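Peer 1: Give me coordinates for this.
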Amino acid sequence: MAKVVVDVMPKPEILDPQGQAVAGALARLGVEGVADVRQGKHFVLEVDDSVDDETLHRLAGTLLANPVIEDWVVTRA
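Peer 2: Numbers count the residues shown, from 1 in each chain. This next block holds a predicted model:
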């Protein structure tokens, strides 16, 4: 079995209200120096060694991410 990590983030041009809420909370807590926050999703999959990279990217783009508003990166750990 292999571990695969899929990180999904909103595309840069997409508004991220959750990230903005976190950034606002940091400022209210007195944390300085954080210019921006983007919130995404992190998936860890255990897959059979026979699952190829093309299948993993197709899975990420159809099930784990919305390709219209999100980018994703698939990494074998």
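
Peer 1: use CA for all of it now, contacts and neighbours both
Peer 2: Noted.

Peer 1: quick one: Ala27 is in a helix?
Peer 2: Yes: counting by DSSP: H, G, I helix; E, B strand; the rest coil, Ala27 is located in a helix.

Peer 1: where does it sit relative to Leu63, distance-wise?
Peer 2: 35 Å (CA to CA, to the nearest Å).

Peer 1: Give me the more crowded residue out of those two.
Peer 2: Neighbours per residue (other CA atoms under 10 Å) separate Ala27 from Leu63, with Ala27 holding more: 14 against 10.

Peer 1: Just the pLDDT at that one, thanks.
Peer 2: The model reports Ala27 with a pLDDT of 92.

Peer 1: can you check Ala77 too?
Peer 2: 86.

Peer 1: Gly30 now?
Peer 2: pLDDT at Gly30 comes out at 96.

Peer 1: any idea how far Ala77 is from it?
Peer 2: The spacing between Gly30 and Ala77, counted by CA to CA, is 36 Å.

Peer 1: With Asp36 instead?
Peer 2: 28 Å.
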